[in-house]
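A.B. asks: quick one, structure for this:
(6 chains)
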4 protein chains.
Amino acid sequence: MVKEIGSSIKDEVLIQKRRAQLQKGAVNLFKQKRFHRATTREIAKAAGFSIGTLYEYIRKKEDVLFLVCDAIYNEVKARMEAVIDTKEPSENALYQAVESYFQLMDELQDEVLVLYQELKALPKDAQEYVLNKEKEMLCLFEQILENSYANALSKEDIILISNNIFIQGQMWGFRRWVLQKEFTLEAYTLKQFNLLKNQLAHQAQIKERGGV
Amino acid sequence: MVKEIGSSIKDEVLIQKRRAQLQKGAVNLFKQKRFHRATTREIAKAAGFSIGTLYEYIRKKEDVLFLVCDAIYNEVKARMEAVIDTKEPSENALYQAVESYFQLMDELQDEVLVLYQELKALPKDAQEYVLNKEKEMLCLFEQILENSYANALSKEDIILISNNIFIQGQMWGFRRWVLQKEFTLEAYTLKQFNLLKNQLAHQAQIKERGGV
Amino acid sequence: MVKEIGSSIKDEVLIQKRRAQLQKGAVNLFKQKRFHRATTREIAKAAGFSIGTLYEYIRKKEDVLFLVCDAIYNEVKARMEAVIDTKEPSENALYQAVESYFQLMDELQDEVLVLYQELKALPKDAQEYVLNKEKEMLCLFEQILENSYANALSKEDIILISNNIFIQGQMWGFRRWVLQKEFTLEAYTLKQFNLLKNQLAHQAQIKERGGV
Amino acid sequence: MVKEIGSSIKDEVLIQKRRAQLQKGAVNLFKQKRFHRATTREIAKAAGFSIGTLYEYIRKKEDVLFLVCDAIYNEVKARMEAVIDTKEPSENALYQAVESYFQLMDELQDEVLVLYQELKALPKDAQEYVLNKEKEMLCLFEQILENSYANALSKEDIILISNNIFIQGQMWGFRRWVLQKEFTLEAYTLKQFNLLKNQLAHQAQIKERGGV
DNA sequence: AATGAATGAGTGTTCATTCAT
DNA sequence: TATGAATGAACACTCATTCAT
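C.D. replies: Predicted coordinates for the structure are as follows:
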């Protein structure tokens, strides 16, 4: 599923190049200044071209935001899938997934922050597009949990824990002013994974004994 | 600490009344239409007075947002403190706090959503004001954890777990399209608290044995 | 039938006043500079208010044009009807009508010129509105001809001659660089009416003799 | 008198060919979309070449309009002169001229409509160029009238009647929604010519008798 | 000679804010 | 104290025109 943005430029390769430029410049700009406050002229300038050229590659200001969102999620998904596919489901696989995900959230923290800050400003269809990508990511975690802890966890546990992992990754970037002051990424990853492991271990014990 | 908004009206009681009106109308409006998209005229209308009157009680459009933020955090803090004050520190106290907090996040989910969506649009000093209130809340959880699990948890554990609780509460509202489809608030609270308890239990075991 | 333009101003009397101002200024401006070339800022200035105020009384630039058109046709229609109503159908009545109409076209020549220059730029529904008013005017002439020359003229003659009168009136303004150099309005009216009378006389003779 | 448009192309034959292409495409486009609304890109496309190529054959967008005007008037003049040259001045010659002219106005009605709709948008010098061509046409009618009815008509009559003929021809295209619903071109021509003849006959009678 | 990517001045429109009543 | 008409800076977007290839 790809959203068609539209352009009056004929050279497809050039479009790709310019849009990459644009997306990069835009993220940079949006870090300092939110989408709403950034003018189209500023966006153009940040991308290194004129306002006229900007509008050769997009149709609406909104499209810039979409470009940013799309780039992030594609990156996230690509990286996550690369990690997942190569691993046997196991505690180690879960660790690998969590570590990769947290690592990614660290690297892309600006982009992800931008994405979430602006998501609500996108038109409904673009919002759904992003939420779908998000669902796919949640599914990755759910699958790993399911594969590795099928008999320790209920369906509900899996959903809840996946969500917890998901937002703990984002939290690293969102709440950096608290967390990154107290922890290194490694420490954060290790700590959270330990807490997670404890939960899973405990849930397993409980289930063994036949409790809720 | 109270942010001075400024007003040309002398009657303090009237100011309070009008601002309450304003804040209520604004949240209603912002639920449907983000702050950026809402015009001052719409805000005035939602509050039930004219654009001229609006500007008798605020100085800038931004102030409206600030009013909303302030109202939310005051409410949160008030309720949380009520819980804390009446409880001995214990597992039960933690449960009470978590439950109250989640309950509050459920009740105020629109407001909190609005607050977080717009936080970054506020001027730096207002942002800090909000983040300070947030810190106070985190401290509440930290205190309870400290009081009840002092020898089970390291300082880092406390910080991390407080943060986890904090965002899990917000998650209930932010990710409602996933979570509120799968869980009732009670179930969510119970599940998360159980997972939390398991963590704490496991951490305690570990510490007992003299581990990490 | 009145086209609703829309305004955010509540005082109806003020709206009327401002729109009259606007329409007057706009005609003045459009005499020198066509609608398309005139900027909204220029229009506002010509009307004596700021760009912001302009948009308190219209919704779109187009509305200005509509205001102009509407004012003109209402004026034309009102004046023509005043003349017609008071006259018995007769050669004299026809003369009165033609004279009044030509007189009017002389007085409103700028306005009418503007109207016809810009008519095609109006949205379809506004165009129809104007053409309807035009039809009403044609009918006035047709009625007079019918009443006074019923047995001298065929239906087709009436239509054609009405059209001829109609455009001869407009011609006085449109082709002023030729006609107003050669004739006074009185001379033009007299000449054209004489030519018209001759036609009618001849048609009558023809019909009397029973020919086409 | 030919207006110099300017081109960076050396090959004169190619220039003629491309400009013919351009003029044809432009009329087609302007029928649907007025000059002001048509973009240069659309004009280039309608002519079958790129925007870059368009600007090899014109200097300004305006030039396109000028090209259209020029083509129309040259055609009109050529045809009219063909008629004049081959005819003795007489009532029949007048009929031939009127018929040819009306016929042409029928064939070129789109072009003429475009021309008149946009005339006022042309720069002053181009407007004068067109009005001069118009004057030449009026002169053709004046000459025929003068030659054939010299002693029946005053100079003023000749001017007035020439103008009447002229605009009745244009009227056929301009007011097609009324006239072409009621008449065929032949019927219209015949009717108008009859009315004209009656006028001329009557004027002749009057002059004979020595009146005004 | 032909192309089409790049440019940026210019336009319609919005909306926070002011201020006379 | 309340009103709402007036203001103009600021913005998204367009499009005629240029110029390197």
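A.B. asks: model confidence for the residue of chain A most remote from its centre, exactly?
C.D. replies: Most distant residue from the mean C-alpha position of chain A: residue A:209, 37.6 Å away (C-alpha atoms, centre = their mean). Residue A:209 is assigned a pLDDT of 74 by the prediction.
A.B. asks: of all the helices and strands in chain A, which has the lowest average confidence?
C.D. replies: When each helix and strand of chain A is scored by mean pLDDT, DSSP states H and E, helix A:109-118 comes last, with a mean of 80.
A.B. asks: show me the contact partners of it.
C.D. replies: A:27, A:30-31, A:34-35, A:65, A:68-69, A:71-73, A:75, A:105, A:130, A:170, A:172-174, A:176, B:117, B:120 (C-beta atoms under 8 Å, 6 or more residues apart in numbering or on different chains). The C-beta positions use only the backbone N, C-alpha and C, and glycine is treated the same way.
A.B. asks: which helices and strands sit right next to the next helix or strand after it?
C.D. replies: Using DSSP states H and E, the helix or strand that follows helix A:109-118 towards the C-terminus is helix A:124-149. Helix A:124-149 sits against helix A:61-85, helix A:91-107, helix A:155-174, helix A:185-209, with contacts defined as 3 or more C-beta pairs under 8 Å, 6 or more residues apart in numbering or on different chains; DSSP states H and E.
A.B. asks: near chain B, which residues of chain A?
C.D. replies: Selection of chain A residues close to chain B by C-beta under 8 Å from any C-beta of the partner chain yields A:34, A:36-37, A:117, A:120-121, A:131, A:138, A:156-157, A:159-161, A:163-164, A:167-168, A:171, A:175, A:177-179, A:182-183, A:187-188, A:191-192, A:194-195, A:198-199, A:201-203.
A.B. asks: picking that back up, any idea which of the helices and strands packed on helix A:124-149 is most buried?
C.D. replies: helix A:155-174 (a mean of 21; mean count of other C-beta atoms under 10 Å in any protein chain shown).
A.B. asks: any idea of the angle that one forms with helix A:185-209?
C.D. replies: 170 degrees (axes from the mean of the first three to the mean of the last three C-alpha atoms, to 10 degrees).
A.B. asks: about what we covered before: just give me how far the least confident helix or strand of chain A sits from the chain centre.
C.D. replies: 9 Å (C-alpha atoms, centre = their mean, to the nearest Å).
A.B. asks: could you check the angle helix A:61-85 makes with it?
C.D. replies: Using the same axes, to 10 degrees, helix A:109-118 lies at 130 degrees relative to helix A:61-85.
A.B. asks: is helix A:109-118 positioned near DNA strand F?
C.D. replies: No - judged by C-beta under 7 Å from any atom of the strand, helix A:109-118 makes no contact with DNA strand F; its nearest approach is 12.7 Å.
A.B. asks: related to what we said a few turns ago, the helices and strands packed on helix A:124-149: which one's closest to DNA strand E?
C.D. replies: Proximity to DNA strand E (C-beta to the nearest atom of the strand) singles out helix A:61-85 among these, at 11.9 Å.
A.B. asks: residues from chain A in reach of DNA strand E?
C.D. replies: So far as C-beta under 7 Å from any atom of the strand goes, chain A lies against DNA strand E at A:8-11, A:14, A:18, A:49-53, A:55-56.
A.B. asks: chain B versus the residue in chain A positioned nearest to DNA strand E, what's the distance?
C.D. replies: Here the residue of chain A nearest DNA strand E is residue A:52; by C-beta to the nearest atom of the strand that distance is 1.8 Å. Look at residue A:52 and chain B: by C-beta to the nearest C-beta, to the nearest Å, they are 26 Å apart.
A.B. asks: tell me the pLDDT of that residue.
C.D. replies: 97.
A.B. asks: count the neighbours of it for me.
C.D. replies: When neighbours are counted by other C-beta atoms under 10 Å in any protein chain shown, residue A:52 registers 8.
A.B. asks: one more: residue A:55?
C.D. replies: 16.
A.B. asks: host element of it?
C.D. replies: helix A:51-57.
A.B. asks: in chain A, what residue lies closest to chain D?
C.D. replies: Nearest residue of chain A to chain D (C-beta to the nearest C-beta) works out as residue A:8 at 8.4 Å.
A.B. asks: wait, that residue sits on residue A:56?
C.D. replies: Yes - applying C-beta atoms under 8 Å as the test, residue A:8 and residue A:56 come out as touching, 5.5 Å apart.
A.B. asks: what about residue A:174, distance to DNA strand F?
C.D. replies: Plainly put, residue A:174 is 25 Å away from DNA strand F if you go by C-beta to the nearest atom of the strand, to the nearest Å.
A.B. asks: what does residue A:139 give?
C.D. replies: In terms of C-beta to the nearest atom of the strand, residue A:139 sits 34 Å off from DNA strand F.
A.B. asks: go on, residue A:94?
C.D. replies: 43 Å.
A.B. asks: need the contact list for that residue.
C.D. replies: When contacts are counted by C-beta under 8 Å, 6+ apart, residue A:94 touches A:144, A:145, A:148, A:196.
A.B. asks: please redo it, this time with the cut-off set to 6 Å
C.D. replies: If you count contacts by C-beta atoms under 6 Å, 6 or more residues apart in numbering or on different chains, residue A:94 has them with A:144, A:148.
A.B. asks: number of nearby residues for residue A:6?
C.D. replies: Residue A:6, neighbours per other C-beta under 10 Å, totals 10.
A.B. asks: assign a three-state SS to it, would you?
C.D. replies: Here residue A:6 is recorded as coil under DSSP: H, G, I helix; E, B strand; the rest coil.
A.B. asks: ok, the one 4 residues further on next?
C.D. replies: Classification of residue A:10 using three-state DSSP returns coil.
A.B. asks: for it, the count of nearby residues, please.
C.D. replies: Considering only other C-beta under 10 Å, residue A:10 is surrounded by 7 other residues.
A.B. asks: excluding its backbone neighbours, what's nearest residue A:66?
C.D. replies: Closest residue in space to residue A:66, ignoring its immediate chain neighbours: residue A:126 at 5.2 Å, by C-beta to C-beta, 6 or more residues apart in numbering or on different chains.
A.B. asks: what's the distance between the one you found and residue A:119?
C.D. replies: 9 Å (C-beta to C-beta, to the nearest Å).
A.B. asks: also residue A:90?
C.D. replies: Relative to residue A:119, and taking C-beta to C-beta, residue A:90 is found at 34 Å.
A.B. asks: who has more neighbours, those two?
C.D. replies: Just comparing residue A:90 and residue A:119: by other C-beta under 10 Å the higher neighbour count belongs to residue A:119, 16 against 13.
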